[in-house]
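K.L.:
Build me a structure from this.
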Amino acid sequence: MKRLIVVLALLLGILVTGYLLVRVLVPAAGAGAPTVVSSVDYIRQIGELHVLRASVKEIVTTKVGEATLFKSPGKLAVICHFDIKYKYNLHNAEIASGTRTDGSRFCIITLPKQEFEVSTREIRFYDDQEGTWLGFKQKTPPDARTQALEAARQQAEAQARTFLGEMEGDIQASARATLTQIARAFGFADVTIEFSK
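P.N.:
As a prediction, this is how the structure comes out:
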């Protein structure tokens, strides 16, 4: 009798364990399909949408020191390559979504103002003429190099703003095409992309 009870207890334990494993390992039907809310969260989780990249070369020439009766200025020239990346922060996007009566899903994405990021790619000093003092050569001070690099960076950022004004239509078209494809991949049949003013 004890053996029968032990065998029944073991069988019952195996059945309960099997049932629990099936419930944990095999998701319920339809659980893998993204819902509207989770799809919107997935779009936001992309983070930043990089839509255009430009490369800019700036050449900066500057005099080092001032000319006096005993002193002649040096000359410093630097070539700087910058990458400009235009992007949208999707964390700040306004996304409205829903399901129509016919079952089709829609979303309206309003993107925030586009941002840009300027990063230094390559810096090359190509002309470093030393100044003289009483006929003796003077090395270019490190702060003069730093000032020339900062002037090049400021010029690249000004160029980035100019590009932004000239190419805004291209930047928005790229963002619209990319986000429409992403939203359709999440099951939205009707996608509208708008841009905040």
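K.L.:
For this protein, which segments count as helices?
P.N.:
In the chain, the helices defined using DSSP state H lie at 2-25, 36-45, 142-166, 168-185.
K.L.:
how far is the third one from where the chain is centred?
P.N.:
Which is helix 142-166. The chain centroid and the centroid of helix 142-166 are separated by 21 Å under Cα atoms, centre = their mean, to the nearest Å.
K.L.:
Could you tell me the angle between that helix and helix 168-185?
P.N.:
On the basis of axes from the mean of the first three to the mean of the last three Cα atoms, to 10 degrees, helix 142-166 is oriented at 70 degrees to helix 168-185.
K.L.:
Which residues does helix 142-166 contact?
P.N.:
With contact meaning Cβ atoms under 8 Å, 6 or more residues apart in numbering, helix 142-166 is reached by 54, 56, 58, 60, 62, 64, 74, 76, 78, 80, 82, 84, 86, 114, 116, 118, 120, 123, 125, 171. For glycine as for every other residue, the C-beta is placed from the backbone atoms N, C-alpha and C.
K.L.:
Okay, K71 and Q147: tell me how far apart.
P.N.:
The gap separating K71 from Q147 is 19 Å, by Cβ to Cβ, to the nearest Å.
K.L.:
hey, what's the residue most central in space within the chain bridged with?
P.N.:
For the chain, the residue nearest the mean C-alpha position is E48 (4.0 Å; Cα atoms, centre = their mean). For E48, the beta-bridge partners under DSSP bridges are N89.
K.L.:
now swap in the one 4 residues further on and tell me
P.N.:
Applying DSSP bridges to L52 gives these bridge partners: Y86.
K.L.:
Please verify my assumption that it contacts D170.
P.N.:
Yes: with contact defined as Cβ atoms under 8 Å, L52 reaches D170; the gap is 6.7 Å.
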